[in-house]
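A.B. asks: Could you work out the structure for the sequence below:
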Amino acid sequence: MHRCCFVLRNLLIVAGHHPKTIDHLLKRWRSKDADCSGHAPQIALPDGRVPERPNGTVSKTVVGVCLPWVQIPPLPPIHLTGTSEAYLDRDSRHAVIEKYLAALRDIGDVSVNDVALRDALRSASTDLWSASSVRESSLWNDPSFFDRLNLLQDSLDARRDSRARASGPVQQVADSVRVVGAWTRALVDALQRKHVSVQAEVMFVEYLPATYQAAKSGHSHYFGALPAVLRDQGHSVGYLHIHSDGPITRPTRAARAKLRELNSGSDKHVLLADFLTIGVWRSAFRTWRKLRRTAPRISAIASGIPPHSDAQRLWPTWRAMYEQSVRGTHSVRTCLLAAMFDAAISQQPTTKLWVSAFEGQSWEACLARSLQQHGKRWLPYVHTMMRPWDLRARTLLQEVVPAVLAVHGSHDCNELAPSDVPLVEVEALRYQQLASVQAQADNASSVSQPRPWLIVGGAECERSNQELQQFLHALSASGVQRQVLVKWHPQCGVPTAQLPDFVSLTTERLASLTSLVGAALLVGSAAPLDTYLSGVPSCALRTHSGYAMSPIEDGAHFHTATDAADAVQWMQQAEHFVGFSAPVGDYFILDDELPRWIALLEREISG
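C.D. replies: The predicted model follows:
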């Protein structure tokens, strides 16, 4: 114990803590009153409940530089908003969203020592504010997200105490140890010899999950046939990948294997982590030390927020996230990402255009700032559907405004219209198969035998597992006999429960599965677009929050079930409508020739 404390003391001194402060904290840590489990105390939610500790980043977000603690499942929210579960009308929903964006904007505008908070947190291409978990807060990484929306609608203000407890000394020491460990790991990774060489006129920036698949050789998981079309136009193409598993500076063996597989083709693929060198590490560390010293304290920010404002009401729920974003491991990750993007961009001077899949995640803020710093052209593309309450894209667009944002249909245009960002409509790259799927569905609908049901897992892994178990239990209890295919989200690995004999786990692409099934259930906030727009009746379970995440309203072919038993009953009835004519045109522009994309890219490359 004493030897561990001695090592810990030296590491914390390197991190910049005063020796006397460390001795005091270690003394308390060793005392009988400390939490011997080593877990940091959790921050209370506004209603006094204990939230789930954010487990790094989810969905397709890059895993943090330091491994998270074990998660404690949160209690279900005790308050349901008065809004409709199915869908708020667009004007009413946008009014709530605008209040949220205005509150976040007011926090960034807070002046501390005559410097706006967002400016105090930026140095060259490193922008801790735009990349912060405060700005990126969403249902994917923040269990308090919907509580904030409730606060904005005055439904909880009078009854809930919105004061969050400050971090205790044990948590401060633990967080500092994690920060030191993150920088140490990154330094070790920087010592590894790497050879990176790629020169291309157009670079596509995208994730490299273990399940990365392209429909054809030379195509992209996120950009479909667009790279092949560019090659046919005489442009050279390259890829910069951010691996989605493991620390940001250390790709997994699976990622390396996938990279070798991709490089067997005609295009060059590189990993962002391979641009990490000792010089890049040193640059990131210096920037981090600088911003850590100048970052305003929580008390200074609180005193600068206008009283009786939405920002003042929401700030207590953001304080812990702010501290992690500017002094915790999230800040380490941001500084490393910015420095690696700087290195990647500076080593490719011949690249005229950088195209990225856009969702509003923190790494995208790092990419955008680096491209801005180097004077390079950036073309973000909203590669999936804008969901009603996923505000990451909106919050990033009010901090980093691109010259143009590509969207693939009228739905996303209407959703993003209030952002005042120049929008251009292009073909939907990941959904081109929907142009021909209707004919396949019509032919298959004549088959009289019951088809399997499909369960699609979302990025909320714990919720996905819970809803899967509830549905399988309800299906067994109902006496309905169906084969079930489970398509699980790559971020979640495999389902935690033992699957019965009538359930099969599949890794096939959704585009291939939709022609085989009669109905689909979406769990863990999975998007229903692939199934619903392919003519498969689709169902989702009602959320505890009361806020619907589906962009599709309830009707004959989409249903929000009150519970798992309701889902089974509805799917049994709705499977007879498989092959229905879905309103694809309301969501996507489809054309295999990609004329809109070609015109846009030629303009951007030549500009």
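A.B. asks: So which residues of the stretch 151-300 of the chain form helices?
C.D. replies: With DSSP state H, counting those that start in this stretch applied, the stretch 151-300 of the chain shows helices at 169-190, 226-232, 253-262, 278-294, 298-304, listed in chain order.
A.B. asks: my read: residue 222 touches residue 429, true?
C.D. replies: Yes: at 7.4 Å, residue 222 counts as touching residue 429 under the criterion of CB atoms under 8 Å. Any C-beta I mention is one placed from the backbone N, CA and C, and that applies to glycine too.
A.B. asks: just for the stretch 51-200 of the chain, where's the confidence low?
C.D. replies: Applying pLDDT under 70 to the stretch 51-200 of the chain picks out residues 51-89, 140, 154-167.
A.B. asks: Could I get the full set of strands for it?
C.D. replies: 111-112, 115-116, 122-123, 126-127 (DSSP state E, counting those that start in this stretch).
A.B. asks: Could you say which of these is packed most deeply?
C.D. replies: Ranked by mean neighbour count, the strands of the stretch 51-200 of the chain are led by strand 126-127 with a mean of 28 (mean count of other CB atoms under 10 Å).
A.B. asks: Which neighbouring elements make contact with it?
C.D. replies: Under the contact criterion of 3 or more CB pairs under 8 Å, 6 or more residues apart in numbering; DSSP states H and E, the helices and strands touching strand 126-127 comprise helix 278-294, helix 329-346, helix 362-373.
A.B. asks: Please identify the most buried of those.
C.D. replies: Note that of those, helix 329-346 is the most buried (mean count of other CB under 10 Å), with a mean of 26.
A.B. asks: the inter-axis angle of that one versus helix 362-373?
C.D. replies: Using axes from the mean of the first three to the mean of the last three CA atoms, to 10 degrees, the interaxial angle of helix 329-346 with respect to helix 362-373 works out to 40 degrees.
A.B. asks: So for helix 329-346, mean pLDDT?
C.D. replies: Looking at helix 329-346 alone, the average pLDDT works out to 97.
A.B. asks: Use 146 as the first number from now on
C.D. replies: Let's use 146 as the start, then, which means that last one is helix 474-491.
A.B. asks: tell me the angle of that helix relative to helix 314-335?
C.D. replies: What separates the directions of helix 474-491 and helix 314-335 is an angle of 20 degrees, with the same axes, to 10 degrees.
A.B. asks: Look up how far residue 550 lies from residue 399.
C.D. replies: In this view, residue 399 and residue 550 are 32 Å apart by CB to CB, to the nearest Å.
A.B. asks: what about these two, which has more around it?
C.D. replies: The neighbour comparison of residue 399 against residue 550 (other CB atoms under 10 Å) goes to residue 550, with 22 against 16.
A.B. asks: which residues touch that one?
C.D. replies: Residue 550 makes contacts with 503, 525-527, 542, 561, 566-569, as judged by CB atoms under 8 Å, 6 or more residues apart in numbering.
A.B. asks: Inside strands: which ones of the residues you listed?
C.D. replies: Using DSSP state E, the members of these that fall within strands are 525-526, 568-569.
A.B. asks: Closest to residue 663 out of the residues you listed?
C.D. replies: Proximity of those to residue 663 (CB to CB) peaks at residue 526, which lies at 33.1 Å.
A.B. asks: who touches residue 709 in this structure?
C.D. replies: With contact set as CB under 8 Å, 6+ apart, residue 709 has these partners: 612, 615-616, 618-620, 686.
A.B. asks: Just the buried ones from the residues you listed, in PyMOL syntax?
C.D. replies: Once 16 or more other CB atoms under 10 Å is used to decide burial, the buried members of these can be selected in PyMOL as follows:
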select buried, resi 612+615+616+619+620+686
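A.B. asks: Make CSV out of the contacts of residue 709 and add pLDDT, distance to residue 404 and secondary structure.
C.D. replies: Shown next, in CSV, are these (pLDDT from 0 to 100; distance: CB to CB, whole Å; DSSP: H, G, I helix; E, B strand; the rest coil):
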residue, pLDDT, distance to residue 404, secondary structure
612, 94, 34, helix
615, 95, 38, helix
616, 96, 37, helix
618, 95, 41, helix
619, 96, 42, helix
620, 96, 40, helix
686, 91, 37, strand
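A.B. asks: what residues are up against residue 673?
C.D. replies: When contacts are taken as CB under 8 Å, 6+ apart, residue 673 is in contact with 665, 667, 683, 685, 695, 697, 703.
A.B. asks: tally of neighbours for the fifth one?
C.D. replies: If you count neighbours by other CB under 10 Å, residue 695 ends up with 23.
A.B. asks: Report pLDDT for it.
C.D. replies: The per-residue pLDDT reported for residue 695 equals 82.
A.B. asks: wait, it sits on residue 672?
C.D. replies: Yes: counting by CB under 8 Å, residue 695 sits close enough to residue 672 to count as a contact (7.5 Å).
A.B. asks: Find residues that contact each of those two.
C.D. replies: When contacts are counted by CB under 8 Å, 6+ apart, residue 695 and residue 672 have residue 532 as shared neighbours.
A.B. asks: pLDDT averaged over whatever helix or strand residue 713 lives in - what is it?
C.D. replies: Under the criterion of DSSP states H and E, residue 713 resides in helix 709-719. Taken as a whole, helix 709-719 carries a mean pLDDT of 96.
A.B. asks: do stretch 649-668 as well
C.D. replies: For stretch 649-668, mean pLDDT rounds to 92.
A.B. asks: how far out from the middle of the chain is it?
C.D. replies: On the basis of CA atoms, centre = their mean, to the nearest Å, stretch 649-668 sits 23 Å off its chain's mean C-alpha point.
A.B. asks: Put the alpha carbons of it into CSV.
C.D. replies: Below are the C-alpha coordinates for stretch 649-668, written out as CSV (Å, rounded to 0.1, in the frame of the first residue of the first chain):
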residue,chain,number,x,y,z
SER,A,649,-29.9,-16.7,-34.3
LEU,A,650,-27.3,-14.0,-34.1
THR,A,651,-26.3,-12.6,-37.5
THR,A,652,-23.7,-10.3,-38.9
GLU,A,653,-25.3,-9.9,-42.3
ARG,A,654,-25.9,-6.4,-43.6
LEU,A,655,-29.3,-5.0,-42.9
ALA,A,656,-29.9,-4.4,-46.6
SER,A,657,-29.6,-8.2,-47.1
LEU,A,658,-31.8,-9.1,-44.1
THR,A,659,-34.8,-6.9,-44.8
SER,A,660,-35.8,-9.2,-47.8
LEU,A,661,-35.9,-12.2,-45.5
VAL,A,662,-38.0,-11.1,-42.5
GLY,A,663,-41.6,-10.3,-41.9
ALA,A,664,-41.4,-7.8,-39.1
ALA,A,665,-38.7,-6.0,-37.1
LEU,A,666,-38.2,-4.7,-33.5
LEU,A,667,-35.8,-1.9,-32.9
VAL,A,668,-34.2,-2.0,-29.4
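A.B. asks: which one is residue 344 nearest to, not counting chain neighbours?
C.D. replies: Beyond its immediate neighbours in the sequence, the residue positioned closest to residue 344 (CB to CB, 6 or more residues apart in numbering) is residue 495, lying 5.2 Å away.
A.B. asks: Next up, the contacts around the one you found.
C.D. replies: Residues near residue 495 by CB under 8 Å, 6+ apart: 344-346.
A.B. asks: pretty sure it is in a strand, no?
C.D. replies: No: with DSSP: H, G, I helix; E, B strand; the rest coil as the criterion, residue 495 is coil rather than part of a strand.
A.B. asks: And residue 692, how close does it get to residue 504?
C.D. replies: Distance, residue 692 to residue 504, by CB to CB: 18 Å.
A.B. asks: Who are the contact partners of the nearest residue to residue 479 once chain neighbours are set aside?
C.D. replies: Beyond its immediate neighbours in the sequence, the residue positioned closest to residue 479 (CB to CB, 6+ apart) is residue 276, lying 4.3 Å away. Each residue near residue 276 by CB under 8 Å, 6+ apart is listed here: 470, 479, 482-483, 507-508, 510-511.
A.B. asks: again, 10 Å this time
C.D. replies: Taking CB atoms under 10 Å, 6 or more residues apart in numbering, we find residue 276 in contact with 266-267, 470, 475-476, 478-480, 482-483, 506-514, 541, 544-545.
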